[in-house]
Structures are given as C-alpha cells and as structure tokens.
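J.: Sequence and predicted structure below; questions after.
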Amino acid sequence: MVETMPRRQRKKERTRELIRDTALELFAAQGFRDTTISAIAERADVAVRTVTLHFPAKEDLLFADDPFSFESLSEWLAAKPAGTPTLDALRDWMATTMRDLDATGASAAVWRRRALRSQLIVADDDLRGRARAAYYRYEQVIAAGVAADLGLPADALAPRLAGITVITGLRELYETAEAQSDPEQLLALVDRVLDYARAGLARLT
C-alpha cells in the first residue's frame, strides 16, 4: 500500500500535465476562444470530466501550476534575512526557482509554456484582465517590501512604481527577442529588469 499511493499520485500528475500541454498546443493552433474543453479531452484521450476535475475553468489551463507562484514569493520574502533588500530577495527567489526547475529537467517546458501563455494573454482582452488581477498581488507584496526597506508607507509612489516596474518587466521578458533567441539567458534578463527598477528607485528616493 505504501508503494501504491505514490504511483497513483504520479499517474495523476502525468494526466494533469498531459491535459495542460495538450490544451496549450490547441490554444496555439486554434486560439483560446475557439478551443473547447471537449476538443482538449478528445486530443488528450481522456474524459471531459477528467479535464474539469483537474482544471475547473478553461482559464485555469493557462494560469494553474506556475512554479513562480504568489504564495512561493510571499513566503520567500517573509523569510528573507533581516537587512536583505526586497529586490535582492526577489532575485534570489527567481534564481532558486530556476535552479530547482533545471534540477528536475522541467525548465525548458516551463519556459515554452510561459512564452506561449504570454502570447495568448496579449491576444485576448479577458485573459489580459485576469492576468492583470493576478499580477497585482505580486506588485503589492513587492511594493510593501520595498517600502519597508526605505522606511516609506506601502502606498508611497516610489515602492508602488518599483512593484509595477518589476512585475511588468518580468512578465514581458518572455516575449523579448533576447529570451526567444537564448532562453538560457533568462536570469540575466531578470537582472536587467531589477537593475532598471533599482535605477528608478535611486532617482525617486
């Protein structure tokens, strides 16, 4: 029995990954709006109910299972050593998450999914709205951290702009020519985004 449960869990995870990857392939070929749950189930050779059990809403196929989750970032920032600037801790979180993905061999697939997701979001007004709502939480937690670093209120202009700049930059870098031509340089692009935000903070504080 001890061996059976992990095997079942692995099978469940493989099914989830198959559904998600199949959906992204269809979204890329047919468009998000024109791809039905039934079509995804048929292509993945699973029941429609299996798809909806894993992903209750079609949008979840785009937004679920992100290794760079808000919960992960929040926990990392809350646990950062005293005196560590928020933007430095953010960089450490990004680098650590990337290393973990490399260690499991999942990084290439993750970057492909994120790049495709970004393209799909740009092309759809409703998806942009959902993404903007999700990213807002990230902006807030970074702004709060930067504000604490500077001894400013969380709603002061400088930390709010820093949060917006960082999250917008990280979101956009997946579509840049640099990322498309050399995905191995993603961390270097992260550093450029953070340097841009630091330069803005230096001008405002």
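T.: Yes, it's here. Worth saying up front: this structure is predicted, and the values here are computed from it rather than measured.

J.: In space, what's closest to Leu173 - neighbours in sequence excluded?
T.: Nearest residue to Leu173 in three dimensions, chain neighbours excluded: Leu189, at 4.6 Å (CB to CB, 6 or more residues apart in numbering). All C-beta atoms are positioned from the backbone trio N, CA, C, and that covers glycine.

J.: what's the neighbour count on Lys80?
T.: Close neighbours of Lys80, defined as other CB atoms under 10 Å, add up to 17.

J.: likewise Val190?
T.: Around Val190 there are 19 residues (other CB under 10 Å).

J.: in this protein, which segments are predicted with low confidence?
T.: Per-residue confidence for the chain (pLDDT under 70) gives these ranges: 1-5, 180-183.

J.: buried sites along the helix or strand encompassing Gly169?
T.: For Gly169, the enclosing helix or strand under DSSP states H and E is helix 157-172. Along helix 157-172, the positions that meet the burial threshold by neighbour count (16 or more other CB atoms under 10 Å) are 158-167, 169-171.

J.: Mind listing residues that contact it?
T.: When contacts are taken as CB atoms under 8 Å, 6 or more residues apart in numbering, the neighbours of helix 157-172 outside the stretch itself are 87, 90, 94, 118, 131, 135, 138-147, 150, 152, 190, 192-194, 196-197, 200-201, 204-205.

J.: Can you flag which of those belong to strands?
T.: Under the assignment DSSP state E, the contacts of helix 157-172 contribute nothing to strands.

J.: hmm, which of those are the buried ones?
T.: A residue is treated as buried here by neighbour count (16+ other CB under 10 Å); on that basis the buried members of the contacts of helix 157-172 are 87, 90, 94, 118, 131, 135, 138-147, 150, 152, 190, 193-194, 197, 201.

J.: The helix or strand containing Arg114 - contacts with which helices or strands?
T.: When secondary structure is defined by DSSP H and E, Arg114 falls within helix 107-122. With contacts defined as 3 or more CB pairs under 8 Å, 6 or more residues apart in numbering; DSSP states H and E, the secondary structure elements packing on helix 107-122 are helix 4-30, helix 60-63, helix 86-104, helix 125-150, helix 177-181.

J.: thinking again about what came up before, to the chain's geometric centre, what's the distance from the helix holding Gly169?
T.: Averaging C-alpha coordinates over helix 157-172 and over its chain gives two centres that are 15 Å apart (CA atoms, centre = their mean, to the nearest Å).

J.: Same check on stretch 59-76?
T.: Between the centre of stretch 59-76 and the centre of its chain there are 6 Å (CA atoms, centre = their mean).

J.: List the buried residues of it.
T.: Neighbour counts using 16+ other CB under 10 Å place 61-62, 65, 73-74, 76 of stretch 59-76 among the buried residues.

J.: which of these lies closest to His54?
T.: Of all these, the one with the least separation from His54 (CB to CB) is Leu61, at 8.8 Å.
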